[in-house]
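> The following comprises the amino acid sequence and a computationally predicted model.
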Number of protein chains: 2
Amino acid sequence: MTPELIAELITAAEARLKGVVRRTPLLTSPFLDRIAGRPVHVKAECLQHTGSFKFRGGWSAVSALPEGTAGVIAYSSGNHAQGVALAARLRGLPAVIVMPADAPKLKLANTAALGAEVVPYDRQTEDRDAIGSRIAAERGLALIRPFDEPQVIAGQATCGIEIAEQAAEAGIGEADVLVCCGGGGLASGIALALEARAPGLRVRPVEPEGYDDTCRSLAAGRILSNEGAPPSLCDAIVTPQPGALTFPILQRLAGPGLAVSDADALRAMAEAFFRLKLVLEPGGAVALAAALWHLEPGEGPVIAVATGGNVDAEIYRTALAHNAAPAG
Amino acid sequence: MTPELIAELITAAEARLKGVVRRTPLLTSPFLDRIAGRPVHVKAECLQHTGSFKFRGGWSAVSALPEGTAGVIAYSSGNHAQGVALAARLRGLPAVIVMPADAPKLKLANTAALGAEVVPYDRQTEDRDAIGSRIAAERGLALIRPFDEPQVIAGQATCGIEIAEQAAEAGIGEADVLVCCGGGGLASGIALALEARAPGLRVRPVEPEGYDDTCRSLAAGRILSNEGAPPSLCDAIVTPQPGALTFPILQRLAGPGLAVSDADALRAMAEAFFRLKLVLEPGGAVALAAALWHLEPGEGPVIAVATGGNVDAEIYRTALAHNAAPAG
């Protein structure tokens, strides 16, 4: 894709999303500033419809489908699932979502409640791409890929447009923008938007330890995969490798990646609870964790995108049980 | 106060608060609509600075103090405490806050961390008004009352101005606006703002069972007190009776009050967790509880003000433990 085409896609997505997608706030707390030793601004995408940024890309892709489309299909651990399910419902289209049988219960329940047909599969023994392609062919459904899809990237870019506007309002000209990263759809979309509208802001992807394929790929200059890592609580972002579309964008525009532990993701969830009154899921909290505890020393502001809040109560209670004392 | 004076105070407060106070979002979820059987809009004041609407009134009062003021004093169970503490810090004034020794730990810790001198007292045996008046006189401090104070009411009214604007954006011309109610500062401020800017919207105060002094006072047409109720989890709104300034405003403008149980407050906290990704404290969740489970049947939209989120982790974990299953 040429830069001109990308800019056109983003501008068109911005128009389609206007009035449908929520403009999420950029929040601060003096307590978080104190922990990080610098001003921390949190883009609260957990407040987006369906509880994660994924509705942006979902609506961008579904609203761009031609008249007469029979329906849509997607595969997802749960946030893209809900985003596509709601988008399809708004467009009046049936949706089939292929989801891991062991996805968080809240994500499975919500996707079904939003009217989608949920097709469970076994992550250990089955291939979701194969299942998705087979059903798409059998039923004539449009496949909405979770990140390696231009309309999805253009939709996620609208989060970057808002960050550019909100940073300007807050007087921030230069900063790193830490983004929770799975396949890189949001990180690359934000990077493209910032390139055009706030070139002093730089995306840095943040991943869970053991699933830092984007970090390592950026360092190596070529796409590398995750292999043999133990399970992570960050179910939303344990994608095996960067996307074929997203990686070149990040390679051109992003700064070095960061990786954080599950324990730090849980700590960041507790800080968001105490200091921002936001519910975050583990995979939606890694960017905040990196902002609080993993940045190189410095005094400039940092922006962290809190990407989602679809977490089961049991895990949330664990996060609070292990991090219960207010820092004061 | 004449209506003209009140309108002037509110307009002046709006100007002083602009750019300092956060414009909080009005959020929705199809899951909440399904529970209530009508569209539910939640004004997320837990996202205000210091985690509750109280910073509005705190900054309104502190920013209106004359040059040369030596400092401020307030008494509060914890939210007005933090609002005044932050406001004083922004103005560069010392603050003394008289707080119950058994206030939530998070509220005590935050108030101190915001730079205030916390003076604990025993709610069973000591009179906070007497302590506050004595220290104010001894040290020459300006007393910022939590609700029966025109500048505080004018500050809280800015929440109503935002509701008027956001309701218009959402196409809502007529609706009840449910407001968590202690002494009535927020409910009366919102009522005044709506009278001027959205006369189709009507405030209804919501209180905890056993602390429904405003409900009963409105029904009786005179100020009644709470007596002999068991302790409530809703520490923020267990005020003994409506204010001398706030009650006549509510009597003139508000609809009937509603009372909800602690169990329903905890249920509403869980729904806000699952459906809105908002952290609410019990006293900040009673309006949402009333919107979900206590309204008379009807189809029109309802607006619930989620007033605060300063809750200790233990109580929050209890709310999730007892209400852990997503409604789906």
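Nice, I can see it.

> C-alpha from now on. contacts and neighbour counts both.
Fine.

> In CSV, list the C-alpha atoms belonging to stretch A:178-195.
Taking C-alpha atoms only, stretch A:178-195 is exported to CSV below (Å, rounded to 0.1, in the frame of the first residue of the first chain):
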residue,chain,number,x,y,z
LEU,A,178,3.1,2.8,24.5
VAL,A,179,0.7,0.4,22.9
CYS,A,180,-0.3,-3.1,24.0
CYS,A,181,0.6,-5.3,21.0
GLY,A,182,-0.5,-8.6,19.7
GLY,A,183,-0.5,-8.8,15.9
GLY,A,184,0.2,-5.0,15.7
GLY,A,185,-3.0,-3.8,14.2
LEU,A,186,-3.5,-1.1,16.8
ALA,A,187,0.2,-0.2,17.1
SER,A,188,0.6,0.2,13.3
GLY,A,189,-2.7,2.1,12.9
ILE,A,190,-1.8,4.6,15.7
ALA,A,191,1.7,4.9,14.2
LEU,A,192,0.3,5.9,10.8
ALA,A,193,-2.1,8.4,12.3
LEU,A,194,0.7,10.0,14.4
GLU,A,195,3.0,10.1,11.5
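
> quick one: contacts for residue A:198?
The neighbours of residue A:198, taking Cα atoms under 8 Å, 6 or more residues apart in numbering or on different chains as the test, are A:164, A:173.

> typo on my end, it should be residue A:192
Residues near residue A:192 by Cα under 8 Å, 6+ apart: A:157, A:160, A:249, A:253.

> Name the SS class of the third one, please.
To tie it back to what came earlier, the one meant is residue A:249. Three-state assignment for residue A:249 (DSSP: H, G, I helix; E, B strand; the rest coil): helix.

> Remind me which helix or strand the nearest residue to residue A:250 once chain neighbours are set aside belongs to.
The spatially closest residue to residue A:250, leaving aside those adjacent along the chain, is residue A:188, at 5.6 Å (Cα to Cα, 6 or more residues apart in numbering or on different chains). Assessed by DSSP states H and E, residue A:188 sits inside helix A:185-197.

> can you check residue A:304 too?
Assigned by DSSP H and E, residue A:304 falls within strand A:302-306.

> close to chain B, is that strand?
No: applying Cα under 8 Å from any Cα of the partner chain, one finds strand A:302-306 separated from chain B by no less than 11.4 Å.

> you'd agree residue A:185 is up against residue A:156?
Yes: counting by Cα atoms under 8 Å, residue A:185 does reach residue A:156; the two are 6.9 Å apart.

> I would like the residues contacting the lengthiest helix in chain A, please.
Using DSSP state H to define each element, chain A has its longest helix at helix A:150-169. Contact partners of helix A:150-169, identified using Cα under 8 Å, 6+ apart, comprise A:6, A:9-10, A:13-14, A:17, A:23, A:26, A:43, A:53-54, A:56-61, A:64, A:145-147, A:173, A:185-186, A:188-194, A:197-198, A:201, A:245.

> Please apply the same query to stretch A:45-58.
A:17, A:21-24, A:79-80, A:82-84, A:86-87, A:144, A:151-156, A:158-159, A:278-280, A:284, A:305-310, B:29, B:275-277.

> Same check on stretch A:282-295?
Here stretch A:282-295 has contacts from A:32, A:35-36, A:40, A:42, A:46, A:178-180, A:205-208, A:233-237, A:258-260, A:262, A:264-269, A:302-309, A:311, using Cα under 8 Å, 6+ apart.

> And that stretch, how far out from the chain middle?
From the chain centre to the centre of stretch A:282-295 is a distance of 13 Å (Cα atoms, centre = their mean, to the nearest Å).

> Also stretch A:305-325?
Distance, stretch centre to chain centre, for stretch A:305-325: 17 Å (Cα atoms, centre = their mean).

> and it, what's its mean pLDDT?
If you average the pLDDT over stretch A:305-325, you get 91.

> For it, buried residues please.
A:305-313, A:316-317, A:319-320, A:323-324 (16 or more other Cα atoms under 10 Å in any protein chain shown).

> now do stretch A:1-17
In terms of neighbour count (16+ other Cα under 10 Å), stretch A:1-17 has its buried residues at A:6, A:7, A:9, A:10, A:11, A:12, A:13, A:14, A:16, A:17.

> show me the contacts for the first one.
Translated: residue A:6. Counting by Cα under 8 Å, 6+ apart, residue A:6 touches residue A:154.

> Tell me if it really is in a helix.
Yes: counting by three-state DSSP, residue A:6 is part of a helix.

> Could you find the closest non-adjacent residue to residue A:176?
residue A:202 is the one closest to residue A:176 (Cα to Cα, 6+ apart), at 4.8 Å.

> so how far is the helix or strand where the one you found lies from its chain's centroid?
Here residue A:202 sits within strand A:201-208, counting by DSSP H and E. Strand A:201-208 sits 11 Å away from the centroid of its parent chain (Cα atoms, centre = their mean).

> in chain A, which spans are strands?
For chain A, the strands defined by DSSP state E cover A:26-27, A:40-44, A:72-75, A:95-100, A:117-121, A:142-143, A:175-180, A:201-208, A:258-260, A:302-306.

> Can you redo those as TSV, where the extra columns are distance to residue A:135?
Below are the strands of chain A laid out as TSV (distance: least, Cα to Cα, whole Å):
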stretch	distance to residue A:135
strand A:26-27	40
strand A:40-44	35
strand A:72-75	8
strand A:95-100	9
strand A:117-121	10
strand A:142-143	10
strand A:175-180	30
strand A:201-208	31
strand A:258-260	36
strand A:302-306	33
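
> got the residues of the stretch 201-328 of chain A near chain B?
By the rule Cα under 8 Å from any Cα, the part of the stretch 201-328 of chain A lying against chain B is A:273-280, A:309-311, A:313-314, A:317, A:320-321, A:324, A:326, A:328.

> what does the stretch 51-200 of chain A put close to chain B?
A:51, A:106, A:109, A:110, A:112, A:113.

> Just among the residues you listed, which is most surrounded?
Using other Cα atoms under 10 Å in any protein chain shown as the neighbour criterion, residue A:51 leads those with 28 neighbours.

> Roughly how far does that residue sit from residue B:314?
24 Å (Cα to Cα, to the nearest Å).

> And residue A:246, by the same measure?
According to Cα to Cα, residue A:246 and residue B:314 sit 42 Å apart.

> do residue A:48 as well
For residue A:48 relative to residue B:314 (Cα to Cα), the value is 27 Å.

> same thing with residue A:265?
Residue A:265 is 20 Å from residue B:314, by Cα to Cα.

> ok, of the buried residues of stretch A:1-17, which one's closest to chain B?
Closest to chain B out of the buried residues of stretch A:1-17 is residue A:17 (16.0 Å), distances taken as Cα to the nearest Cα.

> Please tell me the pLDDT value assigned to the closest one.
Here, the pLDDT recorded for residue A:17 equals 98.

> Please name the nearest non-neighbouring residue to it.
Nearest residue to residue A:17 in three dimensions, chain neighbours excluded: residue A:60, at 6.7 Å (Cα to Cα, 6+ apart).
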